[in-house]
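Trainee: sequence below, structure please.
(chains A and B)
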Amino acid sequence: KQEVTQIPAALSVPEGENLVLNCSFTDSAIYNLQWFRQDPGKGLTSLLLIQSSQREQTSGRLNASLDKSSGRSTLYIAASQPGDSATYLCAVSASAGGTSYGKLTFGQGTILTVHP
Amino acid sequence: EPEVTQTPSHQVTQMGQEVILRCVPISNHLYFYWYRQILGQKVEFLVSFYNNEISEKSEIFDDQFSVERPDGSNFTLKIRSTKLEDSAMYFCASRDRGHQPQHFGDGTRLSIL
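Mentor: Below you'll find the model as predicted:
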C-alpha cells in the first residue's frame, strides 16, 4: 500500500528566503506526482505535475524534482513571499500497466508561513 | 480558466439522512474523482469514474456510497444513510487523459449532527 510522507510538517520563514519541502513515497511504481497548494477552507490548486519519466518541472519560482528510484520529491520555492503561505500537499498517482485511472495518494502536507 | 464547481459549499444533515453532493467537472475531462478530508487528516481517495462506470474505489466507499453522472455534465456523490463519521470536506476532481493534472473544486463541507 502506497504511503506518502511530507517533511517538515510546518515551516516558518522570513520573506525572501529560498526553501525546500520534502515528500517521500514507499512504492516507486508511480504514474506521476503532483504538488498542490491548499489555502484554508479552499480546494486544492495544482502547482506542478512530474511524470514518472521526468526528473524535474519548473513553473515560475517553483521547481519540483523527482527521484523515483529512491521514492523522493522536493518542491523548491525561490524568493518566498507572504502570499506563498499555505499548506503544500504532495500526491502520487499509481501506475497500472503503463497507464493510470489516476487515484491520488496524498501526504499530510507542509504548512508554510512566510512572514514579512 | 475552466474550473470544477461544487454545490453546496456547506451541508448540514441529521444522522441517518441521505445526502447528495454535486459537482460540475471541467467540460472536456474524461476522468472524475471524489476525495474526502476529515478535519486535520490527509486527503483520502474515495472513487474514480471513467467511461460511465466506477474504475476504482477505496475501502471507505462501501454500499452506503454511490456516484452518478446522470446528464453528461453533473457528477454526484450520494451517501444513503449518513453517520457521524461521514463529517468531512468532500472534494470533486476531474482530469483529461494522459499525464494531466487533476483539477479540484473548492469542496463541500458536510456536517452530520
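Trainee: phi and psi next, for A:Q51.
Mentor: phi -70, psi 160 (degrees, to the nearest 10).
Trainee: quick one: stretch B:24-36 to chain centroid distance?
Mentor: For stretch B:24-36, the separation from the chain centroid amounts to 9 Å (computed by Cα atoms, centre = their mean, to the nearest Å).
Trainee: what about it, start to end distance?
Mentor: One end of stretch B:24-36 to the other measures 17 Å (Cα to Cα, to the nearest Å).
Trainee: please apply the same query to stretch B:16-30.
Mentor: End-to-end distance of stretch B:16-30 (Cα to Cα): 33 Å.
Trainee: what comes up buried for it?
Mentor: B:V19, B:L21, B:C23, B:V24, B:P25, B:I26, B:H29 (16 or more other Cβ atoms under 10 Å in any protein chain shown). Every residue, glycine included, has its C-beta placed from N, CA and C.
Trainee: in strands only, show me the residues you listed.
Mentor: Cross-referencing the buried residues of stretch B:16-30 against strands under DSSP state E gives B:V19, B:L21, B:C23, B:V24.
Trainee: now, which of those residues sits nearest chain A?
Mentor: B:C23 (11.1 Å; Cβ to the nearest Cβ).
Trainee: so what's the closest one bridging to?
Mentor: Judged by DSSP bridges, the bridge partners of B:C23 are B:Q6, B:F75.
Trainee: kindly report the same for B:F32.
Mentor: Beta-bridge pairing for B:F32 (DSSP bridges): B:F49, B:S94.
Trainee: thought B:G107 was touching B:H10, still the case?
Mentor: No: B:H10 lies out of contact with B:G107 (Cβ atoms under 8 Å); the separation is 9.5 Å.
Trainee: those two - which one has more neighbours?
Mentor: More neighbours surround B:G107 than the other of B:H10 and B:G107, with 25 against 10 (other Cβ atoms under 10 Å in any protein chain shown).
Trainee: contacting residues for the more buried one?
Mentor: B:G107 is in contact with A:K42, A:G43, B:Q6, B:S9, B:Q37, B:M89, B:Y90, B:F91, counting by Cβ atoms under 8 Å, 6 or more residues apart in numbering or on different chains.
Trainee: now list the buried members of the residues you listed.
Mentor: A:G43, B:Q6, B:Q37, B:M89, B:Y90, B:F91.
Trainee: which two from these end up farthest apart in space?
Mentor: The largest separation in the buried ones among the contacts of B:G107, counting by Cβ to Cβ, is between B:Q6 and B:Q37 at 13.1 Å.
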